[in-house]
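# Predicted structure and sequence below. I'll ask about it afterward.
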Amino acid sequence: MSEQQFEPNIIAFVCTYCTYAGADLAGTSRLKYAPNVRIVRLPCTGRISPMFILKALQKGADGVLVSGCHPGDCHFTHGNYHARRRWMVFRSLLEFTGISPERVKYSWISAAEGSKFADLINSVTEDIRKLGPFDQYQQMIKDAQSPATL
Amino acid sequence: MITQEKYRTTVKELLASDSVKMVIGYKPGSTPDRRRPLFIRSSDDADQLVLDSTCITNLSGYLVAEGLLSDEKRVGIFLRPEGIRSINILAAEYQLNMDQIVIFGFDSTGREVRPLEGRHSKDFSALLSDIKENSPQISKEPLLESIERMNEQERFDFWQEEFSRCIKCYACRQACPMCYCRRCIVDSNQPQWVNTSSHTLGNFEWNVVRAFHLSGRCVQCGNCDRACPVNIPLRLINQRMAEMVLEGFDHFAGLSPTQEPVLASFKKDDTETFIL
Amino acid sequence: MTRILLSDKLDNCVERWRSAGMTVIGPVQGESISRYAVVENGAGFDFGMILPDRSVKELFFPQTEPMLRYTIKKSEIDTADFPPPQEKRIIFGARACDASGLAIDDSLFGWDYKDDFWFHRRNESVIVTIACTKADDFCMCTSLDLAPDSTKGCDVLLRPLENNRGWQVEEITDRGREAFAVIADLLQESSDQAAPTAVVTEKFNLDACVTWLQNPENFDSKFWKEISMRCIGCASCTYLCPTCHCFDIQDEGDTYSGIRRKNWDSCSFALFTMHTSGHNPRSTQSARWRQRIMHKFNYFPGKFSVNSCSGCGRCSRQCPVDMGITETLQEISKLQS
């Protein structure tokens, strides 16, 4: 590892009933995981609009994680099924516009899966670290803050 | 010409008998190759009506203009198959009552225009099913194929170049029959999800959001693409997303007025491969 | 004998102007659209088009422009201005309608508040107009008391030569003379005749239109609804217009810091006049189209004694539903006569 290794900023949008509880379990189980993730808790993955993902990227995130209950386990019975379709569509749209799908990750983590949560955060952080800073988006953000050229 | 004459007669009859209060069609434009939307309220005006292969604009967006259908009277409208799909979606999304719509269907091959049999949306369901079945065989536009062959960075650069011309005039949105929201997401500021400014980031966000909101709803009438004053090939994004929902969910937008919107429905066995 | 500039000297001119510290801008035909863009040599220009798709306005009043950066602290707010660009520019090959548009907007941007972003660019730019020798069905400068070789807003007027090998040079302002002094030795005396300017037919009777618009009875005429039934409410006419100048101030950022920007805005949008309460004084598209016409030919001239239209015809040329100022004023001319 180089001395100044790149520390990615990752935003995780999680549902409160499964993944957030899983994160809680990871914490109470004293599992150590990468500190690069900022968690935003929402009622359900069905509430996670792609707007949230765009907003996170707009504010400079290098990666985004979206996570909720396993299919069949949604507290609201089918919020995650709706979310799944939406992710499939959004993911292919980002891909078509040239944004690496590796920047936005999706997972199912239940309230019992504290160790899966810790492992996933570690692996996602490592993946995004390998991809490096999200230069394409950073450049757009920089352009938006620069004076007019002509 | 025969089709046009036949339809003029029908339109006159329907207006004269008060079966419809208005007919939305086409009339000559400011140059010989242009057609403009026409709103006919009395049978005397029906002679202005033209119908030929240059009548391309999808007129269905006018149906959801504020107040037009609120008196529950019927309105006639000239539609190509894509237009019929558009109004099916509008009905499925509870934006209009199909019983109020009288359809004058037409299609064209080359310069030849032919009428489509039927007056009500349900009369066209076999036609639309056929179109769905044949859609995978339709050869792709070379530009779309070349974008799909690009690597990620090339695709990103391609779209950045295209979006760089965007001036956020929202002609794409206004021309789209599916963009009927009273307040568009870009016009909402509490919270403000998308930058309103027309800089690189704002243009990228707007175009992604627009395409996402039309995924599974776009019928590829091309209104947005033709309306764009800076010629961004918007049709390509829409086409790609239409393919995606067809492949992923067997969804062909606008098949019937009762079709469930693709992003407001699900199957328990929707297959994905990327969720960790 | 008049002074002429030969096309094959254009390369040298661009080089001279660039080494004199000027950015050279001209009409450029891109793959998808044409616009005024920076050119690096004589081959960069495209003089064949009737006029670029996008107007010259955007070089003086860009679609989005950062004005200041703000940081909100506990007891104070820090701001830092974005200064307007400082570079000197020469716009070679502007159309007369575009140049007139700039002169028209000068009165607006310099009225109660002097807009630095606009005037800084205006003062640092030399406009070299090339008179039109061809026009299309949408051109309407002559209906607005302007012409394909109008000198309004331009610093130097060039007239294409009949033999197509260059232009007659007519310096209009000191700024133009200064810019052409740099290339004085590249000009020559010649008896070559200038090609006739484009014939732009008069499309409507402006005086009749103005009389009709000024009559308060016509404000509520049902004409407005009929003419604008098909308007879809996009802003392509206003954004491509060389004189439409409305803008919106937006703060982009978060609670504590951000950038205040000046963005194009358009009277065609419902949101343009929407009140916080939800009430909208221009609640229908016909009211918004009426405003656009009234503003250009009644209110604006009432205040600044000049029409806010230079007759480029881009509104009609680009309209997705084939509307535009020409059609509306033609119909009004008929109503008045």
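Sure, I can see it.
# Would you mind listing the residues in contact with C:Asn307?
Contacts for C:Asn307 were tallied using Cβ atoms under 8 Å, 6 or more residues apart in numbering or on different chains; they are C:Ile104, C:Leu144, C:Leu206, C:Lys296, C:Phe297, C:Phe300, C:Pro301. For every residue, glycine as well, the C-beta is placed using N, CA and C.
# and the two most separated of those residues?
For these, with distances taken as Cβ to Cβ, the pair at the greatest spread is C:Ile104 and C:Leu206 (14.5 Å).
# is it true that B:Ala175 touches B:Cys221?
No: B:Ala175 is beyond contact range of B:Cys221, at 9.2 Å (criterion: Cβ atoms under 8 Å).
# Can you tell me the SS state at the residue nearest the centre of chain A?
Among the residues of chain A, A:Leu65 comes closest to the average C-alpha position under Cα atoms, centre = their mean, at 1.3 Å. Here A:Leu65 is recorded as strand under DSSP: H, G, I helix; E, B strand; the rest coil.
# Look up the residues forming beta bridges with it.
A:Ala12, A:Lys105 (DSSP bridges).
# Mind checking which of the contacts of C:Asn307 land in helices?
Per DSSP state H, helices hold the following members of the contacts of C:Asn307: C:Ile104, C:Leu206, C:Phe300, C:Pro301.
# what ranges do the strands span in the stretch 51-200 of chain C?
Applying DSSP state E, counting those that start in this stretch to the stretch 51-200 of chain C gives strands spanning C:64-72, C:77-81, C:88-94, C:125-130, C:156-160, C:166-171, C:188-190.
# Now A:Ile10. Its backbone dihedrals?
Note on A:Ile10: backbone dihedrals following degrees, to the nearest 10 are phi -120, psi 130.
# what about it, how many neighbours?
A total of 24 residues lie near A:Ile10 under the criterion other Cβ atoms under 10 Å in any protein chain shown.
# and it, what does it touch?
A:Asn36, A:Val37, A:Arg38, A:Ala61, A:Asp62, A:Gly63, A:Val64, A:Leu65, A:Val124, A:Thr125, A:Ile128.
# try B:Gly110
Residues B:Ser53 are the ones in contact with B:Gly110 under the rule Cβ under 8 Å, 6+ apart.
# Give me the contact list for stretch C:290-301.
For stretch C:290-301, contacts defined as Cβ under 8 Å, 6+ apart pick out C:108, C:206, C:209-210, C:213-214, C:219, C:224, C:228, C:237-238, C:243, C:267-268, C:282, C:306-309, C:325, C:328-329.
# Which of those are buried, as a ChimeraX select command?
For selection in ChimeraX, the members of those meeting the burial criterion (16 or more other Cβ atoms under 10 Å in any protein chain shown) are listed in this command:
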select /C:108,206,209,210,213,224,228,237,238,243,267,268,282,306,307,308,309,325,328,329
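# which parts of chain A sit against chain C?
A:Lys59, A:Ala144, A:Gln145, A:Ser146, A:Pro147, A:Ala148, A:Thr149, A:Leu150 (Cβ under 8 Å from any Cβ of the partner chain).
# Just want to check the distance between A:Phe76 and B:Asp269.
The gap separating A:Phe76 from B:Asp269 is 19 Å, by Cβ to Cβ, to the nearest Å.
# Same check on A:Cys74?
When distance is defined by Cβ to Cβ, A:Cys74 is 15 Å away from B:Asp269.
# Show me which of those two is the more surrounded one.
The neighbour count for A:Cys74 versus B:Asp269, taken as other Cβ under 10 Å, is higher for A:Cys74 (21 against 7).
# quick revisit: which among the contacts of C:Asn307 count as buried?
C:Ile104, C:Leu144, C:Leu206, C:Lys296, C:Phe297, C:Phe300, C:Pro301.
# Check the gap between the fifth one and C:Pro66 for me.
It refers to C:Phe297. With distances taken as Cβ to Cβ, C:Phe297 is found 33 Å from C:Pro66.
# Name the nearest residue to B:Arg80, sequence neighbours excluded.
For B:Arg80, ignoring the flanking residues on the chain, the nearest one in space by Cβ to Cβ, 6 or more residues apart in numbering or on different chains is B:Asp107 at 5.7 Å.
# cool, C:Gln250 as well?
Computed as Cβ to Cβ, 6+ apart, the closest residue to C:Gln250 that is not its neighbour in sequence is C:Arg261, at 5.1 Å.
# Give the buried residues for the host helix or strand of that neighbour.
Secondary structure assigned from DSSP states H and E places C:Arg261 in strand C:257-264. In terms of neighbour count (16+ other Cβ under 10 Å), strand C:257-264 has its buried residues at C:Gly258, C:Ile259, C:Arg260, C:Arg261, C:Lys262, C:Asn263, C:Trp264.
# Same list, these, but as a markdown table with pLDDT please.
Below are the buried residues of strand C:257-264 laid out as a markdown table (pLDDT from 0 to 100):
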| residue | pLDDT |
| --- | --- |
| C:Gly258 | 93 |
| C:Ile259 | 95 |
| C:Arg260 | 95 |
| C:Arg261 | 95 |
| C:Lys262 | 95 |
| C:Asn263 | 95 |
| C:Trp264 | 96 |
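# now for those, which pair is the farthest apart?
Greatest spatial distance among those (Cβ to Cβ): C:Gly258 and C:Trp264, at 19.3 Å.
# For chain A, just list every one of the strands.
In order along the chain, chain A carries the following strands (DSSP state E): A:10-15, A:37-42, A:63-68, A:104-108.
# and the last one with strand A:10-15, angle?
Read it as strand A:104-108. Between the axes of strand A:104-108 and strand A:10-15, defined by axes from the mean of the first three to the mean of the last three Cα atoms, to 10 degrees, the angle is 30 degrees.
# buried set for strand A:104-108?
A:Val104, A:Lys105, A:Tyr106, A:Ser107, A:Trp108.
# now, which of those sits nearest chain C?
Distance from chain C was checked for each of the buried residues of strand A:104-108 by Cβ to the nearest Cβ. The minimum falls on A:Val104, at 21.9 Å.
# Thought A:Pro50 was touching that closest one, still the case?
No: distance between A:Val104 and A:Pro50: 9.3 Å, which falls outside the contact criterion (Cβ under 8 Å).
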